[in-house]
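[1] task: produce atomic coordinates for the following.
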Amino acid sequence: MENLRILIWCSDNDAESLNQTLSVLDSRYGIERFDIVGVVGEDEVTFQGKKLNNIPLESVPKVPFDYVIVSENIRELPNSPLPARTIQKRKKALAEQIGTSSEIIIFDFEIYNKWFSFPKVCLVIMFNHRYDQNLPKLRKIYGKRFSEIRFLMPFYDGTDSDVIPVYESSYQFQGFLIQAYEKLKNIPCTHYLFVADDLILHPGLNEINFIPQTNIQKKKFLISGFGSLNHPNAFTWYWTAGSSKPFYDRSTEWRGSLYTYEEAMAKFKDFFGVAYKEVYDKDFFGDPNKPGNTVIGRWNNPEEHSKIVAEFIKSNGGSTKIPYPMAGGYSDIFCIDKGSLFEFSRLCGIFAAMNLFVEIAIPTAVVLTYKKDEVQFFPADSRKMLWGKDRTDFENKYDKDFNRLYNEWEENILFVHPVKLSRWKYEVPT
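    The predicted model follows:
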């Protein structure tokens with residue numbers, strides 16, 4: 001896993017100014033979080049005794065980098081804000097010269113005067129159940145990589161200041177977000193990364209490089225893939241059979257707080273590119289001759305399947321018409337930009353009050369909150385989600401030795417789930 005890759009543009013070929021710029025960068029963020037991929041120009045430059053690569057201007061398009069820092073004469077840095085239009089005009093001109101986006105160009109005076117901050121992720125670890133004994137383990141795993149960590153733990157009554165008590169069922173853990181919102185909103189960060197307590201991130205991911213590594217600089221939400229809930233054979237997913245009931249439960253008055261049916265349908269069409277099917281048909285219920293298992297019950301033949309379908313229709317107000325469009329998918333990790341945390345959390349809170357299952361609630365809230373081009377999905381080959389025999393084989397591969405897992409981590413895998421720390425020999429490399 002790579003650090004943040006920085007290309008230096010030394011506008012005046014002043015090695016002394018460049019060293020001062022890098023020293024400021026080091027003092028602000030810690031130089032070990034960055035890889036200086038090179039300096040544009042021909043003058044030889046060293047930093048901390050190391051010679052930096054000199055990159056001719058014509059070679060810049062071949063160099064991989066995340067940001068360009070423009071080093072000028074730090075002794076003449078402006079100490080009052082320049083007009084934003086002036087800064088953007090200079091960045092645009094330089095971007096055209098380099099052949100890159102102006103959004104990734106930073107002037108050294110922006111860093112020096114703290115006008116610019118790199119994207120910074122706050123790690124929020126969600127516990128489905130109360131496991132206080134895992135808190136010190138998780139702090140040791142992530143403490144050197146994330147300066148802001150919060151734990152959301154059901155029914156916590158301890159005194160640790162980084163633990164936020166929540167009061168919600170593990171089947172509706174989307175409700176954690178709105179309950180914790182007041183304690184999360186003022187944390188100094190640009191994004192919140194929510195992960196399950198038994199999900200382990202790649203050892204090289206940290207608060208600064210997570211955003212460019214997952215390619216979400218211009219996105220507002222990151223999650224694994226999900227899809228529309230009303231699709232062929234969707235009824236075979238265990239939780240689908242319970243999806244309609246919350247919309248008919250009179251104990252929660254949700255209609256005035258969610259988007260209307262028509263508004264939600266329009267959002268789903270915009271997001272997925274096709275109209276959401278408004279009726280549960282035979283394709284949705286799947287092949288009655290294939291055994292299945294749902295939250296309503298199990299079937300092994302068409303007669304049993306028919307009874308379970310009838311039970312579903314009864315829970316759906318006695319109709320095959322959908323009560324509301326829904327999405328479904330894996331939700332044990334997701335990242336939110338700070339600006340949209342409240343609106344997303346508010347919808348999640350409503351769905352929690354309705355007792356909507358979390359892996360329906362979170363994807364549905366995504367569609368209702370964001371446009372499709374604001375959402376990024378983890379590539380399928382970057383995640384390792386383990387079920388049944390795969391989980392056992394994974395544990396046996398590493399002898400349930402957490403140190404081995406870290407040392408032998410597959411480089412392209414961004415996260416593994418689940419890794420039950422109580423089952424593994426635990427020693428985090430220092």
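[2] residue 352 contacts residue 170, correct?
    No: contact criterion C-beta atoms under 8 Å: residue 352 and residue 170 do not qualify, at 11.2 Å. Backbone N, C-alpha and C define where each C-beta goes, glycine included.
[3] so the two - more neighbours on which side?
    Ranked by neighbour count (other C-beta atoms under 10 Å), residue 352 and residue 170 place residue 352 first, with 24 against 12.
[4] quick one: the more buried one from residue 247, how far?
    14 Å (C-beta to C-beta, to the nearest Å).
[5] near residue 339, how many other residues are there?
    Quick note: residue 339 (other C-beta under 10 Å) scores 10 neighbours.
[6] got it, and residue 27?
    Neighbours of residue 27 (other C-beta under 10 Å): 10.
[7] confidence score at it?
    pLDDT recorded at residue 27 is 82.
[8] and the helix or strand hosting it, what does it pack against?
    Element membership of residue 27, judged by DSSP states H and E, is helix 15-29. If you count contacts as 3 or more C-beta pairs under 8 Å, 6 or more residues apart in numbering; DSSP states H and E, helix 15-29 packs onto strand 4-10, strand 34-40, strand 46-47, strand 67-71, helix 108-112.
[9] out of those, nearest to residue 254?
    Smallest distance to residue 254 across those (C-beta to C-beta): 42.7 Å, for strand 4-10.
[10] just checking, what packs against the closest one?
    Applying 3+ C-beta pairs under 8 Å, 6+ apart, one finds that strand 4-10 contacts helix 15-29, strand 34-40, strand 67-71.
[11] for the first one, buried residues please.
    Judged by neighbour count using 16 or more other C-beta atoms under 10 Å, the buried positions of helix 15-29 are 15, 17-22, 24-25, 29.
[12] tell me the two of these that are most distant?
    Of all pairs in these, the most separated under C-beta to C-beta is 15 and 29 at 21.4 Å.
[13] average model confidence for stretch 242-254?
    What stretch 242-254 shows for mean pLDDT is 92.
[14] let me redo that: stretch 342-360
    98.
[15] roughly how far out does it sit from the chain middle?
    17 Å (C-alpha atoms, centre = their mean, to the nearest Å).
[16] also stretch 236-245?
    25 Å.
[17] which outside residues touch it?
    Stretch 236-245 has contacts (C-beta atoms under 8 Å, 6 or more residues apart in numbering) with 229, 234-235, 286, 290, 292-296, 308, 311-312, 315-317, 322-323, 326, 328, 355-357, 359-360.
[18] what about burial for those residues, which qualify?
    229, 234-235, 286, 292, 294-296, 308, 312, 315-316, 322-323, 326, 328, 355-357, 359-360.
[19] among these, which are in strands?
    Among those, the ones falling in strands (DSSP state E) are 292, 328.
[20] so of the buried ones among the contacts of stretch 236-245, which ones are in helices?
    308, 312, 315, 359-360 (DSSP state H).
[21] quick check: the farthest pair among those residues?
    Maximum distance among those (C-beta to C-beta): 20.2 Å, for 308 and 359.
[22] who's in contact with residue 120?
    147-148, 188-191, 207-208.
[23] quick one: which of those residues is nearest residue 71?
    Nearest to residue 71 among the contacts of residue 120, with distances taken as C-beta to C-beta, is residue 208, at 19.7 Å.
[24] where do the helices of the stretch 201-350 of the chain begin and end?
    210-213, 261-272, 282-285, 302-315, 341-353 (DSSP state H, counting those that start in this stretch).
[25] residue closest to the middle of this structure?
    residue 335 (2.3 Å; C-alpha atoms, centre = their mean).
[26] any idea how far residue 275 is from it?
    29 Å.
[27] try residue 17
    Taken as C-beta to C-beta, the span from residue 17 to residue 275 is 59 Å.
[28] helix or strand with the lowest mean pLDDT in the protein?
    Least confident helix or strand of the chain, by mean pLDDT, DSSP states H and E, is strand 46-47 with a mean of 75.
[29] tell me the strands beside the helix or strand just after it, with direction?
    Under the assignment DSSP H and E, the closest C-terminal helix or strand after strand 46-47 is strand 50-51. Note on strand 50-51: by DSSP bridges, its sheet partners are strand 46-47 (antiparallel).
[30] how far is the strand it pairs with from where the chain is centred?
    36 Å.
[31] what comes into contact with it?
    Against strand 46-47 from outside (C-beta under 8 Å, 6+ apart): 15, 18-19, 22, 36, 52.
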